[in-house]
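Undergrad: Turn this into a model:
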Amino acid sequence: MRCVTSIAAMRAAIRTAARDLPPLLAVPRTTMPGRAAFQARAAEGLPFIVTGLVDRWPLCTVTRDVLRERFGDVPVRARVGDYIGTAFAPDRAMQDMTLRAYLDLVAAGTEALPPYVGNLEIAALNGMCHWPGYFSKMGPPRFWLGPAGTVTPLHCDYDDNIFAQALGTKRIFLAPPHHDEFLYTREANPVLHGSPFDPESPDYDRYPLARQAAIVECTVSPGEMLYVPAGWYHQVRALTFSLSVNRWARALPLALKDDPALRRPD
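TA: Next up is the predicted model:
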């Protein structure tokens, strides 16, 4: 993790801080805050949706036809097969193809679980995104493209995350960091923890502790941006054909309020 003395200590601090959070009954919306206002709100440690920002991006004018005509030759890598069941395995099935071939594949609709272009850098689309300066340092944009039914199962990342919805609609379930004790989580890598529990189809016989998890659902519409604080569990499903893009911050999470005990000297 960037700029921190210890990943394990930072994870523990996030979980400890989350225990003091008020219950989140619904994910609130706010209109395009400036940097200071965004950081002050994010320091509260709760997710929220920003409106009036992403809808100004050229990326929001993109359609499937535009993707095919202007970007069809761009190489992509699609998740194929049971990428939900293998989401947190050391490896998963992937298939390299052009964007045009991917669009043809999903249009054919022959797979029970639609192939998913997920967490992929697509440099050709970067110039169509106008990111706000909410963070001093962020990782590269990561694109998520696919039809209705593509899913990223329940997991958490230990970076602050801004997730922009350009095309289509997604349903997202969120749970606070300290409720990992109810979600049967396991480590995929030091900054990614996954859960086998599915909040869309809960199996409480198999995962009885999950009844205690405070899971909230929200819908992110075109032109909106969701802030997901570091450590928050989230599951994402495309309700329609969808194009999303996110960036992870590369710094101490804002909810930890720049704790000097966790910050590594530069």
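
Undergrad: which helix is the longest one in the protein?
TA: helix 7-18 (DSSP state H).

Undergrad: Kindly export it (C-alpha atoms) in CSV.
TA: In CSV, the C-alpha atoms belonging to helix 7-18 read as follows (Å, rounded to 0.1, in the frame of the first residue of the first chain):
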residue,chain,number,x,y,z
ILE,A,7,-0.5,-2.9,5.2
ALA,A,8,-1.7,-5.0,8.1
ALA,A,9,-1.7,-2.0,10.5
MET,A,10,-3.6,0.1,8.0
ARG,A,11,-6.3,-2.7,7.5
ALA,A,12,-6.7,-3.0,11.3
ALA,A,13,-7.0,0.8,11.6
ILE,A,14,-9.7,0.9,8.9
ARG,A,15,-11.7,-1.8,10.7
THR,A,16,-11.3,-0.1,14.0
ALA,A,17,-12.4,3.3,12.7
ALA,A,18,-15.4,1.7,11.0
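
Undergrad: Please state the offset of the helix or strand following that helix from the chain centre?
TA: Using DSSP states H and E, the next helix or strand after helix 7-18 towards the C-terminus is strand 29-31. From the chain centre to the centre of strand 29-31 is a distance of 19 Å (C-alpha atoms, centre = their mean, to the nearest Å).

Undergrad: just to revisit the earlier point, in the longest helix of the chain, what's buried?
TA: Neighbour counts using 16 or more other C-beta atoms under 10 Å place 10, 11, 13, 14, 15, 17, 18 of helix 7-18 among the buried residues. Every residue, glycine included, has its C-beta placed from N, CA and C.

Undergrad: My read is that the fifth one contacts residue 193, right?
TA: No. The pair residue 15 / residue 193 is not scored as a contact, 10.8 Å apart, by C-beta atoms under 8 Å.

Undergrad: so what's residue 235 up against?
TA: Residues in contact with residue 235, defined by C-beta atoms under 8 Å, 6 or more residues apart in numbering, are 151, 152, 153, 154, 155, 172, 173, 198, 199, 200.

Undergrad: Let me have those residues in CSV, extended by secondary structure.
TA: Listed next are those as CSV, based on DSSP: H, G, I helix; E, B strand; the rest coil:
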residue, secondary structure
151, strand
152, strand
153, strand
154, strand
155, strand
172, strand
173, strand
198, coil
199, coil
200, coil
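
Undergrad: top of those by neighbour count?
TA: residue 154 (28 neighbours; other C-beta atoms under 10 Å).

Undergrad: before we move on, the earlier item: using TSV, lay out the contacts of residue 235 together with pLDDT and distance to residue 144.
TA: Formatted as TSV, the contacts of residue 235 follow (pLDDT from 0 to 100; distance: C-beta to C-beta, whole Å):
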residue	pLDDT	distance to residue 144
151	97	11
152	97	8
153	97	14
154	98	16
155	97	14
172	98	12
173	98	16
198	98	19
199	98	19
200	97	18
